[in-house]
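**Q** Build me a model:
(one chain, ligands or ions: 1)
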Amino acid sequence: MLLSRLRETVRSAQVLTAPEDTAAYLTDWRGRFTGRAQAVVLPSNTHEVAAIVSVCAEMRTPIVPQGGNTGLAGGATPDPSGAAIVLSLKRLNRVREIDPINGTITVEAGCVLHDVQQAAYGAGGLFPLSLAAEGSATIGGNLSTNAGGTQVLRYGNARELALGLEVVLPSGEIWSGLRALRKDNTGYDLRDLFIGAEGTLGVITAACLKTFPLPRSQVTALLALDSVSAALSLLPLAQSTAGPTLTAFEFFSIRCLQLVTRHFPQQRSPFERAHAQYVLLELSDHEDERHAAALLQSLAEQALEKGLIADAVIAQSAAQGRSLWMLRESISEAQAREGKNIKHDISVPISSIARFIDETDALLAQRFPGIRMVTFGHLGDGNLHYNVMPPAATDEDRFFHEQQSAVYECVHDQVARFSGSISAEHGIGQLKREENMRYKSPVEMNLMRAIKRTLDPLNIMNPGKVI
Ligand SMILES: Cc1cc2nc3c(=O)[nH]c(=O)nc-3n(C[C@H](O)[C@H](O)[C@H](O)COP(=O)(O)OP(=O)(O)OC[C@H]3O[C@@H](n4cnc5c(N)ncnc54)[C@H](O)[C@@H]3O)c2cc1C
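**A** You can find the predicted model right below:
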């Protein structure tokens, strides 16, 4: 009955039920969660989405929205009951409007992030959201997880880049909030409710996004340091020297670099000797390359003089800049090749990062002797990917089975002690739902539940995720 109603709404070819057709939609990117669904449904426009949601509301069928399925918290994977449908937004992939004077691009939710960057670029603008999964992740998924990435320091998270949204509500009504305004103080900000909601409050079908002038030049440098505290002192120096041209301030430890060079032998450290920590800096300038390079040179000299850095390499070409970025961007893949990790995507106030790492590293080493830390992240945003590898030559599966929960608890308790967040940019999904409830106050959880009940009284929108 449900399937025939859905087939009337979208052509039958777009209601997938055969296991070979649905499999890719039922497991998350990391392969941690696999669920079942009555069908995978692929509408091609907002009205079809609205009609599908209305049918599901009528039949009390849970809906799991899905974009590129690159999320890291299991938010786009249905539960094993098989009761839900997966609603893939992939076919809503049109650029509706580009307005260079207003500095906006209006796109449908299933547009792939890289395509949106290219469309903005084609019109002479910059859409700055950038992350390693940009070839598959969609704008709807980016907004629903409030994605971060490598340019947050300068341009903000996905939330800061959205001016307006179009959303299909759990009732099947369409909220046309696609405003292209930078100022709009006409009541509660409904847009912000849906951003970061991970599909639990409605289906985002389109967004009006900010674009920026394209920088004329970009220069990258890798700086070698002896400590995390030196990296923290370097940040304000970089901000005051480079001003708004500072677009990335990424951080990784020597272990990260060793993993990358071991698993990707074509990549090399540009330094003769090893250093404890590294900072990757990028400047995006509206003057020519010489100006950006001079700013970086001045920063490196000041940092050397103050004893904050031990060495520096400033890329002399775009290709060299790319290879420095590759060192940073290959860390996740190198880690995966090395073996299993217990991953934490956390944030703490930037000024507390060194103390957080020192104290938490020591605590973990004492409680789980031999573990190996893989720490990297977006230092300029206070966001660490603080990952724990089991001791060398241990039975990985056994370590995970016996210790994973204790490691999570130890790290997340520390995060709470430092007034941080247990999910900086990947969201809660099904992975951290229980953890989140441990750390949010009852007042905050009750407010979130009240919002959920008001917008989705039938609890059909991505149930079991976030709250
Ligand atoms: C290699 C790699 C690197 C990554 N790097 C980063 C990074 O640097 N920063 C970062 O923040 N994330 C990163 N991620 C995580 C991921 O790419 C982001 O979370 C991305 O925003 C998810 O987009 P998606 O289209 O794949 O969403 P999906 O995985 O399909 O869905 C994610 C969540 O959003 C919901 N959703 C999807 N579309 C909609 C919609 N239209 N309406 C309502 N709800 C919807 C889903 O139900 C789910 O809860 C990375 C992932 C990978 C695999």
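
**Q** For the longest helix that the chain contains, list every residue counted as buried.
**A** Scanning the chain for the helix with the most residues, using DSSP state H, yields helix 396-417. Across helix 396-417, burial judged by 16 or more other CB atoms under 10 Å covers 399, 403, 407, 408, 410, 411, 412, 414, 415. C-betas here are computed from N, CA, C, even on glycine.

**Q** contacting residues for the nearest residue to the fourth one once chain neighbours are set aside?
**A** Spatial nearest neighbour of residue 408, excluding adjacent residues (CB to CB, 6 or more residues apart in numbering): residue 435 at 6.5 Å. Residues touching residue 435, when contacts are defined by CB atoms under 8 Å, 6 or more residues apart in numbering, comprise 408, 412, 422.

**Q** Repeat the analysis, applying 10 Å as the threshold.
**A** Going by CB atoms under 10 Å, 6 or more residues apart in numbering, residue 435 touches 405, 408, 409, 412, 422, 423, 428.

**Q** any idea how far the ligand is from it?
**A** Distance, residue 435 to the ligand, by CB to the nearest ligand atom, to the nearest Å: 16 Å.

**Q** Now do the residue of the stretch 151-300 of the chain found nearest the ligand, the pLDDT please.
**A** The stretch 151-300 of the chain approaches the ligand most closely through residue 199 (3.0 Å), counting by CB to the nearest ligand atom. At residue 199, the pLDDT value in this model is 98.

**Q** what's the closest non-adjacent residue to residue 297?
**A** Nearest non-adjacent residue to residue 297, counting by CB to CB, 6+ apart: residue 314, 6.6 Å away.

**Q** so the one you found touches residue 223, yeah?
**A** Yes. With contact defined as CB atoms under 10 Å, residue 314 and residue 223 form a contacting pair (9.3 Å).

**Q** So those two - more neighbours on which side?
**A** residue 223 (28 against 20; other CB atoms under 10 Å).

**Q** Each with direction, which strands does the helix or strand hosting that one pair with?
**A** According to DSSP states H and E, residue 223 maps onto strand 217-225. Sheet pairing of strand 217-225 (DSSP bridges) gives strand 277-285 (antiparallel), strand 311-314 (antiparallel).

**Q** Would you enumerate the residues in contact with residue 74?
**A** Contacts of residue 74 (CB under 10 Å, 6+ apart): 27-30, 32-35, 198, 427-433, 464-465.

**Q** Show only the entries of those residues found in helices.
**A** residue 433.

**Q** So among the contacts of residue 74, which ones count as buried?
**A** 28-29, 33, 35, 198, 427-433, 464-465.

**Q** quick one: residue 119 and residue 95 touch, right?
**A** Yes. With contacts counted by CB under 10 Å, residue 119 reaches residue 95, the gap being 4.9 Å.

**Q** Overlap in contacts, these two.
**A** Shared contacts of residue 119 and residue 95, defined by CB under 10 Å, 6+ apart, comprise 105, 107, 111.

**Q** List the buried residues of the helix or strand encompassing the second one.
**A** So that's residue 107. Using DSSP H and E, residue 107 sits within strand 104-108. Counting neighbours by 16+ other CB under 10 Å, one finds that the buried residues in strand 104-108 are 104, 105, 106, 107, 108.

**Q** and which of those residues is nearest to the ligand?
**A** After measuring these against the ligand - CB to the nearest ligand atom - the closest member comes out as residue 108, at 9.0 Å.

**Q** returning to what we had before: joint contacts of residue 314 and residue 223?
**A** Common neighbours of residue 314 and residue 223 (CB under 10 Å, 6+ apart) are 281, 296, 299, 300.

**Q** Identify the residue spatially nearest to whichever residue of the stretch 351-467 of the chain sits closest to the ligand, adjacent ones excluded.
**A** The minimum distance from the stretch 351-467 of the chain to the ligand, using CB to the nearest ligand atom, falls at residue 425 (3.5 Å). Leaving out its chain neighbours, the residue that sits closest to residue 425 by CB to CB, 6+ apart is residue 148, at 3.5 Å.
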